[in-house]
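Chemist: Provided below are the primary sequence and the corresponding predicted coordinates.
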Amino acid sequence: MNFTEYLLKNRYSKSTIRVHLLRIRRLQSWLKNQGIEESGMTYPQMLQYTKYLQTEKGYERQSINNELRAIKLYHDYLIEENIAMENPATDMTIRGTRTKAIGELLDSEELEDLYYSYQTQHHDTFFRASKLRDKVVIGLMVFQGVTVMELHHMQEEHLQLKKGKVDVPSTRRGNARTLKLQPCQMMELLQYVEEARPYLSEKDRGNNPEKLFFGSIDQMHSITSRILKYMKENNQKVRGCSSLRTSIIINWLKIHSLRKVQIMAGHRYISSTEKYLQNDIENLHDIVENFHPIN
């Protein structure tokens with residue numbers, strides 16, 4: 001079955017099929033010039049092609065979205081024919097207006113610095129245990145993008161230290177997911193589980209012994225508020241938990257597909273993830289440069 005037959009099978013009109021074939025030939029010509037196999041086209045290459053349509057072809061937003069719809073259909077066809085493994089155009093849409101205000105962002109190195117610079121040494125046992133707990137919380141916030149409510153619901157069993165993973169529980173606003181831990185988190189997590197957590201459990205008088213972090217949701221907010229105060233002193237770009245998570249998600253979008261970031265962030269709807277994209281097309285340039293620097 002060829003692409004035309006695929007479109008006919010899916011009840012597209014002959015006029016629509018002609019337009020879609022023109023769009024795919026345009027894509028194939030660009031892929032050939034770039035030395036890219038169409039069956040292995042990736043999401044970063046889709047971004048590069050989108051930028052090409054805007055800068056070199058002069059296409060407006062709606063025209064580019066029409067091209068993307070044809071490309072999505074074509075890759076659905078390639079997948080059905082076992083020619084391609086994934087669809088790089090899935091859920092890819094250029095929006096004309098921003099739906100989420102994005103201020104100053106922290107890059108991955110700045111986020112790492114927030115973790116590395118936090119010191120846990122203290123002569124008092126209680127404060128040392130509390131500071132170790134706080135550093136574990138910082139790690140989950142800046143590396144996995146875990147929210148305050150998710151931190152509150154986490155239990156010890158959610159840590160898979162031998163596998164280097166953590167299970168983030170579902171909440172009223174977010175889906176459960178499993179995320180990789182960074183190597184730098186492992187030592188503090190192990191120390192917290194084996195030393196600090198048992199000590200803090202005694203101070204909590206054994207209430208909710210399965211919890212990873214003891215206390216009520218208000219106490220968790222107090223912990224994160226104290227952590228944010230430290231973060232703001234370390235980096236003035238930090239505004240709050242929301243802005244911190246925005247930086248993390250946008251950094252993820254630079255290296256992962258929209259669908260994967262949706263899962264990593266625990267978003268229930270792809271539209272929630274799309275809000276973090278630089279929605280006007282001019283801002284695609286920085287994303288494209290991160291994937292494929294244009295010489």
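Modeler: Okay, I see it. Residues are numbered from 1 along each chain as shown.
Chemist: burial count for Lys163?
Modeler: 10 (other CB atoms under 10 Å). Any C-beta I mention is one placed from the backbone N, CA and C, and that applies to glycine too.
Chemist: so it, which state does it fall into?
Modeler: coil (DSSP: H, G, I helix; E, B strand; the rest coil).
Chemist: what's it in contact with, if anything?
Modeler: Counting by CB atoms under 8 Å, 6 or more residues apart in numbering, Lys163 touches no other residue.
Chemist: element containing the residue most central in space within the chain, please.
Modeler: Centroid-nearest residue in the chain: Val261, 3.4 Å away (criterion: CA atoms, centre = their mean). Per DSSP states H and E: Val261 is located in helix 258-265.
Chemist: next one: that helix to chain centre, how far?
Modeler: Per CA atoms, centre = their mean, to the nearest Å, the displacement of helix 258-265 from the mean C-alpha position of its chain is 5 Å.
Chemist: quick one, helices of the stretch 1-150 of the chain?
Modeler: 3-9, 14-34, 43-55, 61-80, 108-116, 125-143, 148-153 (DSSP state H, counting those that start in this stretch).
Chemist: repeat that for the stretch 151-295 of the chain.
Modeler: 183-191, 197-203, 217-234, 241-253, 258-265, 270-274, 284-291.
Chemist: report the buried residues of the fifth one.
Modeler: Residues of helix 258-265 classed as buried: 258-259, 261-262, 264-265 (neighbour count, 16 or more other CB atoms under 10 Å).
Chemist: repeat that for the first one.
Modeler: Judged by neighbour count (16+ other CB under 10 Å), helix 183-191 contains these buried residues: 185, 188-189, 191.
Chemist: repeat that for the fourth one.
Modeler: Neighbour-count burial for helix 241-253, counted by 16+ other CB under 10 Å, picks out 241, 243-253.
Chemist: which neighbouring elements make contact with it?
Modeler: Identification of packing neighbours for helix 241-253 by 3 or more CB pairs under 8 Å, 6 or more residues apart in numbering; DSSP states H and E yields helix 108-116, helix 125-143, helix 217-234, helix 258-265.
Chemist: one more: the first one?
Modeler: The elements that helix 183-191 packs onto, with contact taken as 3+ CB pairs under 8 Å, 6+ apart, are helix 108-116, helix 125-143.
Chemist: how about TSV for the ones you listed, with mean pLDDT, distance to Gly40 and mean neighbour count added?
Modeler: What follows is the helices and strands packed on helix 183-191, written out as TSV (pLDDT from 0 to 100; distance: least, CB to CB, whole Å; neighbours: other CB atoms under 10 Å):
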stretch	mean pLDDT	distance to Gly40	mean neighbour count
helix 108-116	95	27	16
helix 125-143	95	30	20
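Chemist: Gln62: which of the ones you listed is closest?
Modeler: Nearest of the helices and strands packed on helix 183-191 to Gln62, taken as CB to CB: helix 108-116 at 34.0 Å.
Chemist: could you say what helices and strands that closest one packs with?
Modeler: helix 125-143, helix 183-191, helix 217-234, helix 241-253.
Chemist: residues touching the residue nearest to Leu159 when sequence neighbours are not counted, list them.
Modeler: Leaving aside its sequence neighbours, Leu159 sits nearest to Val166 (CB to CB, 6 or more residues apart in numbering; 5.7 Å). Applying CB under 8 Å, 6+ apart to Val166 gives the contacts 140, 144, 158-160, 178-179, 181.
Chemist: switch the cut-off to 6 Å
Modeler: Going by CB atoms under 6 Å, 6 or more residues apart in numbering, Val166 touches 159, 179, 181.
Chemist: PyMOL command for the buried members of the residues you listed?
Modeler: Entered in PyMOL, the line below selects the buried ones among the contacts of Val166, by 16+ other CB under 10 Å:
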select buried, resi 159+179+181
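Chemist: what's the closest of the contacts of Val166 to Glu104?
Modeler: Nearest member of the contacts of Val166 to Glu104, counting by CB to CB, is Leu179, at 25.0 Å.
Chemist: okay, the nearest residue to that closest one once chain neighbours are set aside: pLDDT?
Modeler: Ranked by CB to CB, 6+ apart and with sequence neighbours excluded, the top spatial neighbour of Leu179 is Gln144, at 4.7 Å. On pLDDT, Gln144 comes in at 97.
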